[in-house]
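S.K.: Fold the following.
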Amino acid sequence: MERQLNGLSRLGLAIATLMLVIACQQTPAPPAPEATTPTSATAPITLNGTGASLPLLIYERIFTEYRQQVDPNLQINFQPTGSAAGIQQVISQTVDFGASDVAMADEEIAQVEPGVVLVPMTAGLVAIAYNLPGVGTGLKLSRAALTGIFLGQITQWRDPLIAEANPDVTLPDLPITLVHRSDGSGTTAALTAHLNEVSSEWRSQVGAGLNVQWPAGVGIKANAGVSAQIQQAEGAIGYVEYSYAQRVDLSIAVVENQAGSFVEPNPTAGAIALSAVAMPDNLKAFVPDPAGAAAYPIVTYSWILAYRQYADADKGNALKQVLTWGLTEGQQFSEELGYVPLPDSVADQAIAAVEQIQAG
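M.R.: Now for the predicted structure:
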């Protein structure tokens, strides 16, 4: 028990340290020009949101820059509680907006009396991160190896399926410690959708979704928690949003895609993946296994979940304005933070969706 408590204490310290590193590494915002106030209200306005942790870094940047450059009276509090929580809080109408890496289903939207407007705001990549002594970024993982690891069938780093794709790498004689999300997660949904697409065995045994019954591994809450666990445990492997892995300098795998190419996650490879599918009129697009030799195979859009009708006109108008700014000016921060900028056509569709929000 003492060892377990010590382990939990170390993990808690690692998570706290990780969040501090992320905060410290954020690019300082430039001095704000003289602000204008686009809302009709003179009193401060507060918007409370919750949901997906995948887009946390870009949402924080957009909200901060908007307040500094445009409207100092607007305060936005966003809690990265996971996509499942974001959807549930919108259904319960306990927040001003939600966030999810999975678009709400029609039956979920039907439960929300004021209605829901889905707004694709950004896109992210799911990185496969690991901690192997002497092995840096660039370990190649085939589709078979990736599936085998997450099924719990590959348990040693010197397994032939890993070694054959990495003939020039000296793999350590270590067991694999698999780390996955314990909370309802859009990052989980993106990864499991990919595995579901490429492996019939995964499809029959596990499936895809915000929550799945993992056949192996230890569950940790949030992208920050998974990142911290990988950092502290030699032999660990897990999946995190690319921006988190990049910020804390985790080693990242090069993953085999549908064309048989091994591709590293980056905004360019993510944009190629997104180009494989057109955004439909309902703004629900999923890319579980994109074609294209240069496409990174695990990528997802991420949505803001807004109400169609806001009784508080000031809140409704304030949200419309900051979302529109995020879909235009705010996209410039995407690549430096490790996100995929929205294609222009998708941004235009999202702006049109924002205009459907009714305030007052």
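
S.K.: Quick check, central residue of the chain?
M.R.: L54 (2.3 Å; C-alpha atoms, centre = their mean).

S.K.: looking at it, it is touching T187, isn't it?
M.R.: Yes: the criterion here is C-beta atoms under 8 Å, and L54 meets it with T187 at 5.3 Å. For the C-beta atoms, the positions are set from N, CA and C on the backbone; glycine is no exception.

S.K.: Overlap of the contact sets of those two?
M.R.: Contact with both L54 and T187 is made by residues 101, 223, 241, 300, according to C-beta atoms under 8 Å, 6 or more residues apart in numbering.

S.K.: What number of neighbouring residues does the first one come out with?
M.R.: The burial metric for D101, expressed as a neighbour count using other C-beta atoms under 10 Å, is 28.

S.K.: quick one: contacts for it?
M.R.: 52, 54-55, 83, 124, 185-187, 189-190, 300-303.

S.K.: Show the contacting residues for the residue nearest to it when sequence neighbours are not counted.
M.R.: Spatially, and ignoring its direct neighbours in sequence, D101 is nearest to G186 (2.3 Å; C-beta to C-beta, 6 or more residues apart in numbering). Counting by C-beta under 8 Å, 6+ apart, G186 touches 52, 54, 82-83, 100-102, 210, 300, 302.

S.K.: Same list (the residues you listed) but as TSV, adding pLDDT.
M.R.: Output for those, formatted as TSV (pLDDT from 0 to 100):
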residue	pLDDT
A52	96
L54	94
G82	94
S83	96
S100	98
D101	97
V102	96
L210	96
T300	97
S302	98
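
S.K.: Please enumerate the helices of the stretch 151-300 of the chain.
M.R.: Taking DSSP state H, counting those that start in this stretch, the helices of the stretch 151-300 of the chain run over residues 160-163, 186-198, 200-205, 222-232, 242-247, 267-274.

S.K.: Throw those helices into JSON lines and include mean pLDDT, thanks.
M.R.: Formatted as JSON lines, the helices of the stretch 151-300 of the chain follow (pLDDT from 0 to 100):
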{"stretch": "helix 160-163", "mean pLDDT": "98"}
{"stretch": "helix 186-198", "mean pLDDT": "97"}
{"stretch": "helix 200-205", "mean pLDDT": "98"}
{"stretch": "helix 222-232", "mean pLDDT": "93"}
{"stretch": "helix 242-247", "mean pLDDT": "93"}
{"stretch": "helix 267-274", "mean pLDDT": "97"}
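
S.K.: Y66: which of these is closest?
M.R.: Each of the helices of the stretch 151-300 of the chain has some distance to Y66 by C-beta to C-beta; the shortest is helix 242-247, at 19.1 Å.

S.K.: Could you pull up the residues touching E264?
M.R.: Contacts for E264 (C-beta under 8 Å, 6+ apart) come out as 137-138, 252, 254-255, 296.

S.K.: Now with 7 Å, please.
M.R.: With contacts defined as C-beta atoms under 7 Å, 6 or more residues apart in numbering, the neighbours of E264 are 252, 254.

S.K.: T122: how many residues sit nearby?
M.R.: For T122, the neighbour count with other C-beta under 10 Å is 30.

S.K.: Quick one, grab the pLDDT at it.
M.R.: The model reports T122 with a pLDDT of 98.

S.K.: Write down the beta-bridge partners of V299, one by one.
M.R.: Note on V299: beta-bridge partners by DSSP bridges are L125.

S.K.: roughly how far apart are it and D289?
M.R.: Note on V299: its distance to D289, by C-beta to C-beta, to the nearest Å, is 10 Å.
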